[in-house]
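Visitor: Provided below are the primary sequence and the corresponding predicted coordinates.
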Amino acid sequence: MADILVRDVPEKTLEALKARARRHRRSLQQELVQVLEATAEETPPQSPSEIAAAIRAKLSRTGRVFSDSVELIREDRQR
């Protein structure tokens, strides 16, 4: 297993991590490994187009029809 050295950790951050480790009944090292593992396993953030597609899919399941706002904005700008 690899070692990681983190320098210049602010005292406030270190104290918060130590408190978190105590709450979970772990050593500071065990807590940091857990935090790093959880962060590494997170799914990467979605791109704006993926978010928009998910919103469109969710709205389409409601059965309501939504107009494309692009045309409405274009008409408004031409006034």
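Guide: Here it is on my side, so go on. Residues are numbered from 1 along each chain as shown.
Visitor: quick one, domains of this protein?
Guide: The domain map for the chain lists 11-41, 48-77, with the assignment taken from automatic domain parsing.
Visitor: pick the most buried one from the ones you listed.
Guide: domain 11-41 (a mean of 12; mean count of other C-beta atoms under 10 Å). Placement of C-beta: from N, CA and C, glycine included.
Visitor: where does the prediction get shaky in the chain?
Guide: Applying pLDDT under 70 to the chain flags no residue at all.
Visitor: just to revisit the earlier point, turn the domains of the chain into JSON lines, columns for distance to residue 1.
Guide: JSON lines is the format used below for those (distance: least, C-beta to C-beta, whole Å):
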{"stretch": "domain 11-41", "distance to residue 1": "9"}
{"stretch": "domain 48-77", "distance to residue 1": "34"}
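Visitor: identify the residue nearest the geometric centre of the chain.
Guide: The chain has residue 45 as the residue nearest its centroid, 5.9 Å off, counting by C-alpha atoms, centre = their mean.
Visitor: give the helix, strand or coil label for that residue.
Guide: Here residue 45 is coil, with the state taken from DSSP: H, G, I helix; E, B strand; the rest coil.
Visitor: circling back to that earlier point, out of the domains of the chain, nearest to residue 3?
Guide: Ranking these by proximity to residue 3 (C-beta to C-beta) places domain 11-41 first, at 10.3 Å.
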